[in-house]
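In: sharing a model prediction with you, sequence too.
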Amino acid sequence: MYDVIIVGAGATGLTAAIYACRKKLKTAIISIDVGGQTNLTSHIENYPGTGPMHGIELMQRFQNEAIGFGAELIMGKANKVDKTDNGFRVGLANGESYECKALILAYGKVPRSLGIENEEKFLGRGVSTCVTCDLPLFKNRDVAVIGGGNSAVEGALESATIAKKVYLIHRRDSFRADEITVEKLKQNKNIGLVLNSISTKVVGDKNVEGIEVENIVTKEKKTLKVDGVFIEIGYVVDTSFVQHLVKVNEKKEIIVDEKCNTSHAGIFAAGDITPVPYKQTVIAAGEGSKAALECYRWLTGGKGAVLDWS
Ligand SMILES: Cc1cc2nc3c(=O)[nH]c(=O)nc-3n(C[C@H](O)[C@H](O)[C@H](O)COP(=O)(O)OP(=O)(O)OC[C@H]3O[C@@H](n4cnc5c(N)ncnc54)[C@H](O)[C@@H]3O)c2cc1C
């Protein structure tokens, strides 16, 4: 039985863990990965006090501090939360479950998926949602990038520096990315534009061998031979497995008050999973600290945390 389980090990969850552990709460963090979206920033220069660095390095520092103060890290995807007599039980996709007295939901945003055949099957075996993280695996190989916004166009340009051939697949004939970036894209001979086209299936046996695309104007179908598929179509919040317990807004973000209380006693939420504006790493960290202090105050019957030093 943990005092608190934190779901998500991004800037929010790791900061919450530091604060919870420093209050001597028995703390576990359940997460799919460590670092979250901040890992995707190759050059974060607006996190005060550290100087510019790769987002992965910044998040490793967060992790070291959380673990250093005693947080337990459990890798896995939470997909179920139940109320129990003494608190809550968090279920994982692998069948494990863990109990806690209080819960902090800090699992941010998840990459939007295409919902096409074999996409999930090949995740981690050629299908990726992060060019920055996984591109080195595709040195001198052929890849497809899917999407039409900044992250897809920048992802294609980045891929072209390492991969042999890059296809950029987009369902429209123009891009939503910044003009200067689109200009660079058009000049890059290594990138083949596959426009007005949707991806319909990832092809392969054990690993990705290609991507099937359909031109939505001509209805022509073809399979592009690639070793990697990067899906860069944005992020969404997925609160489906907690909506029976906490209130969400029209964007499915978990509604919180100024101290990160949700509509359910003992469940707190913070960071990108909430409607708090200006989604940034420094804000996520601040919100995570608030959630942990409020959680501590709740666990100690309203006495435990100093709200103001004055
Ligand atoms: C490309 C990009 C660039 C950015 N650049 C900057 C920047 O330069 N400066 C800046 O300040 N901000 C930047 N941001 C925003 C910043 O990264 C986010 O605001 C911040 O990461 C939010 O932190 P979070 O912990 O709330 O959520 P996240 O970072 O999304 O972390 C959520 C964590 O929860 C985990 N998780 C998700 N679902 C589950 C589940 N069901 N079970 C268990 N674990 C789960 C994830 O694996 C992840 O570890 C950028 C974001 C992106 C996408």
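Out: Alright, I've got the coordinates.
In: three-state assignment of residue 282?
Out: helix (DSSP: H, G, I helix; E, B strand; the rest coil).
In: just give the closest residue to it, not the sequence neighbours.
Out: Nearest residue to residue 282 in three dimensions, chain neighbours excluded: residue 47, at 5.6 Å (Cβ to Cβ, 6 or more residues apart in numbering). Just so you know, the C-beta spots here come from the backbone N, C-alpha and C atoms, and that holds for glycine as well.
In: correct me if wrong: the one you found contacts residue 281.
Out: Yes. Counting by Cβ atoms under 8 Å, residue 47 does reach residue 281; the two are 5.4 Å apart.
In: of these two, who's got more company?
Out: Between residue 47 and residue 281, residue 281 has the larger neighbour count (other Cβ atoms under 10 Å), namely 24 against 18.
In: my guess is that one meets residue 50, correct?
Out: No. Using Cβ under 8 Å, residue 281 is not in contact with residue 50; the gap is 10.3 Å.
In: overlap of the contact sets of residue 47 and residue 281?
Out: residue 58 (Cβ atoms under 8 Å, 6 or more residues apart in numbering).
In: what residues does the stretch 201-310 of the chain put near the ligand?
Out: Residues of the stretch 201-310 of the chain lying close to the ligand (Cβ under 6 Å from any ligand atom) are 271, 272, 279, 280, 281, 282, 284.
In: how close does the first one sit to residue 16?
Out: Here residue 271 is placed at a distance of 9 Å from residue 16 (Cβ to Cβ, to the nearest Å).
In: okay, and the common contacts of those two?
Out: 106, 288.
In: quick one: residues contacting the residue nearest to the spatial centre of the chain.
Out: For the chain, the residue nearest the mean C-alpha position is residue 110 (4.2 Å; Cα atoms, centre = their mean). Contact analysis of residue 110 by Cβ under 8 Å, 6+ apart lists 235, 236, 237, 238.
In: hmm, which of the residues you listed are the buried ones?
Out: With neighbours counted by 16 or more other Cβ atoms under 10 Å, the contacts of residue 110 contain buried members at 235, 237.
In: and the contacts of residue 110, which of them are in strands?
Out: 235, 236 (DSSP state E).
In: residues contacting stretch 259-278, please?
Out: Contacts of stretch 259-278 (Cβ under 8 Å, 6+ apart): 8, 10-13, 16, 37, 87-88, 101-109, 237, 239, 242, 245-247, 249, 251, 253-256, 279, 283-284, 287-288, 290-291, 294-295, 298.
In: only whichever of the residues you listed are buried, select them in PyMOL.
Out: Filtering the contacts of stretch 259-278 down to the buried ones (16+ other Cβ under 10 Å) takes a single PyMOL command:
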select buried, resi 8+10+11+12+13+16+37+87+88+101+102+103+104+105+106+107+108+109+237+239+242+245+246+253+254+256+283+284+287+288+290+291+294+295+298
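In: of the contacts of stretch 259-278, which belong to strands?
Out: If you go by DSSP E, the contacts of stretch 259-278 have 8, 88, 101, 102, 103, 104, 105 in strands.
In: tell me how far the first one lies from the ligand.
Out: So the one you mean is residue 8. Distance, residue 8 to the ligand, using Cβ to the nearest ligand atom, to the nearest Å: 3 Å.
In: look up phi and psi at the one residue in the stretch 151-300 of the chain that gets nearest to the ligand.
Out: With Cβ to the nearest ligand atom as the measure, residue 271 is the residue of the stretch 151-300 of the chain nearest to the ligand, at 2.4 Å. When read as degrees, to the nearest 10, the backbone of residue 271 gives phi 80, psi -150.
In: sorry, back to before: okay, the residue nearest to the centre of the chain: pLDDT?
Out: Note for residue 110: predicted pLDDT of 84.
In: in the sheet, who's paired with it?
Out: residue 236 (DSSP bridges).
In: helices or strands up against the worst-scoring helix or strand of the chain on mean pLDDT?
Out: Lowest on mean pLDDT, DSSP states H and E among the helices and strands of the chain sits helix 131-134, with a mean of 82. Other elements packing on helix 131-134 under the criterion 3 or more Cβ pairs under 8 Å, 6 or more residues apart in numbering; DSSP states H and E are helix 150-159, strand 228-231.
In: sheet partners, orientation included, of the shortest one?
Out: The strands beside strand 228-231 in its sheet (DSSP bridges) come out as strand 127-128 (parallel), strand 142-146 (parallel).
In: need those strands in a markdown table with mean neighbour count and distance to residue 159, can you?
Out: What follows is those, written out as a markdown table (neighbours: other Cβ atoms under 10 Å; distance: least, Cβ to Cβ, whole Å):
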| stretch | mean neighbour count | distance to residue 159 |
| --- | --- | --- |
| strand 127-128 | 26 | 11 |
| strand 142-146 | 27 | 5 |
